[in-house]
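Engineer: What follows is a protein structure lacking sequence information:
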């Protein structure tokens, strides 16, 4: 559901669009490009936080879904796992019923089972990596927001804190992206 918000004569379909309009064009464009190419909403959320996004996670998530279609790799992999499992069951039944010769069926069964195990391992690895990255970025985001809130009223620390946050964000993101 989109909410129309009107500010200074412009009609905004989302809070995120309104926020992006307050940024310099180059930063807004960089954020949009990042959101387009990044599959993880958590990473987009953290990046938005670095850019002082004041809205909610749900608003940002809806905006990303509305603007950028993301490929759901987990869903695709899980459907492949289910299909392979079904194929294995059907092959076993065909071998048992004598529709397929035992030695030929055994070779195909072994190949399908190997492929299934590979898909399951890939799924587990993908889930662990995604969960780990999400937790690291969420923790970093929380620390950065708290630091900003603590020093927001002290102008002598505002710029150094912002510079440090940007440097930490770049380092963490680089390390996670290369992991």
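Structural biologist: It's in. Note that this is a predicted model, so its numbers are computed, not measured. Numbers count the residues shown, from 1 in each chain.
Engineer: surely residue 84 meets residue 114?
Structural biologist: No - applying CB atoms under 8 Å, one finds residue 84 not in contact with residue 114, separated by 10.2 Å. Just so you know, the C-beta spots here come from the backbone N, C-alpha and C atoms, and that holds for glycine as well.
Engineer: residue ranges with poor pLDDT in this protein?
Structural biologist: Residues of the chain meeting the criterion pLDDT under 70: 1-9, 11-12, 130-131, 176-179.
Engineer: could you redo the last one with a cut-off of 50?
Structural biologist: Where the chain drops to pLDDT under 50, the residues are 1-4, 7.
Engineer: Strands of this structure, start to end?
Structural biologist: 5-7, 10-12 (DSSP state E).
Engineer: Skipping its backbone neighbours, what lies nearest residue 50 in space?
Structural biologist: residue 169 (5.0 Å; CB to CB, 6 or more residues apart in numbering).
Engineer: give the contact list for that neighbour.
Structural biologist: Neighbouring residues of residue 169 by CB atoms under 8 Å, 6 or more residues apart in numbering: 46-47, 50, 140, 144.
Engineer: Just the ones of these in helices?
Structural biologist: The helices, defined by DSSP state H, take in 46-47, 50, 140, 144 from those.
Engineer: Neighbour count: residue 84 and residue 114, which is higher?
Structural biologist: Applying other CB atoms under 10 Å to residue 84 and residue 114 shows that residue 84 carries more neighbours, namely 18 against 10.
Engineer: What distance do you get for residue 118 to residue 83?
Structural biologist: 14 Å (CB to CB, to the nearest Å).
Engineer: quick one: which of the contacts of residue 169 is nearest residue 97?
Structural biologist: residue 46 (54.7 Å; CB to CB).
Engineer: quick one: contacts for the closest one?
Structural biologist: 137-138, 140-141, 169, 173 are the contacts of residue 46 under CB under 8 Å, 6+ apart.
Engineer: Which residues are in contact with the closest residue to residue 109 other than its chain neighbours?
Structural biologist: Distance criterion CB to CB, 6+ apart; nearest residue to residue 109, sequence neighbours excluded, is residue 91 at 5.5 Å. Going by CB under 8 Å, 6+ apart, residue 91 touches 100, 105, 108-109, 112.
Engineer: Columns distance to residue 162 and neighbour count on top of these, output as a markdown table?
Structural biologist: Compiled in a markdown table, the contacts of residue 91 are given as follows (distance: CB to CB, whole Å; neighbours: other CB atoms under 10 Å):
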| residue | distance to residue 162 | neighbour count |
| --- | --- | --- |
| 100 | 67 | 17 |
| 105 | 65 | 17 |
| 108 | 60 | 15 |
| 109 | 60 | 18 |
| 112 | 55 | 17 |
